[in-house]
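K.L.:
Please find the sequence and the predicted model below.
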Amino acid sequence: MSGRLVYVMGPSGAGKDTLLAFARQQLAGSHVLFAHRYITRTADAGGENHVGLSVEEFDVRAALGLFALQWSSHQLRYGIGIEIDDWLECGCTVVVNGSRGHLLEALDRYPTLDVIQIEAHPAVLAARLSARGRESAEQVQARLARRIAVALPSSVSMTTIDNSGMLEDAARSLLDLLSTP
């Protein structure tokens, strides 16, 4: 494949969706394409711009091989459409909102992908998760306590963007990384 796959990941509340929406708007009309995630929750559930599927719809698409990547997390199923392979073949930079827990499987399929981790200080994560109102205080604390260690093969590098401060700073860092061939 002649394109570039960028795998963006990080904990809930780090601001991935906000940064990706900003980058999508800034890079509209460029060779940088943003893959939608297919998720087994309704499309009006808030947060990221995604395609909502029922569990049955997700199962059918998975059985037909329509996902390039798929995983489960927090009682939901997530998929990235197989169309990204065509986009990569055309030489595009393709950005996916991935999962830290699924990174090694993604590397098995796309060994040259670029990894970007979005991080934020624990207090910032707690405030953002609480403000979303999707989880109880206990669920927020449990989510914060669940830290996924990211172990990468030595051949893979990861760039970390701290999104604890001003959105513009983190957004500029992300745009710079995505605009670099």
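P.N.:
In hand now; what should we look at? All values reported here derive from a predicted model rather than from experimental measurement. Numbering: from 1, shown residues only.
K.L.:
can you list contacts of stretch 134-145?
P.N.:
11-13, 46, 122, 125-126, 129-130 (C-beta atoms under 8 Å, 6 or more residues apart in numbering). For the C-beta atoms, the positions are set from N, CA and C on the backbone; glycine is no exception.
K.L.:
Any quick ChimeraX command for the buried ones out of these?
P.N.:
Buried residues among those (16 or more other C-beta atoms under 10 Å), as a ChimeraX selection:
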select :11,12,13,125,126,129
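K.L.:
tell me the least confident of the contacts of stretch 134-145?
P.N.:
Among the contacts of stretch 134-145, G46 carries the lowest pLDDT, at 57.
K.L.:
need the contacts of stretch 134-145 in TSV with secondary structure and distance to V150, can you?
P.N.:
Formatted as TSV, these follow (DSSP: H, G, I helix; E, B strand; the rest coil; distance: C-beta to C-beta, whole Å):
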residue	secondary structure	distance to V150
P11	coil	11
S12	coil	15
G13	coil	17
G46	coil	27
P122	helix	16
L125	helix	16
A126	helix	21
L129	helix	20
S130	helix	25
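K.L.:
Looking at strand pairing, list the partners for the residue positioned nearest the centre of the chain.
P.N.:
By C-alpha atoms, centre = their mean, the chain has its centre lying nearest to N97, at 1.6 Å. On the basis of DSSP bridges, N97 is bridged to V8.
K.L.:
How about the contacts made by it?
P.N.:
Counting by C-beta under 8 Å, 6+ apart, N97 has contacts 8-9, 16-17, 20, 35, 37, 48.
K.L.:
ok, of those, which one's closest to R61?
P.N.:
R37 (12.4 Å; C-beta to C-beta).
K.L.:
Can you get me a residue count around the closest one?
P.N.:
19 (other C-beta atoms under 10 Å).
K.L.:
Would you indicate which residues of the longest helix along the chain are buried?
P.N.:
Assignment by DSSP state H gives helix 167-179 as the longest helix of the chain. Using 16+ other C-beta under 10 Å as the test for burial, helix 167-179 gives 170-171, 173-175, 177-178.
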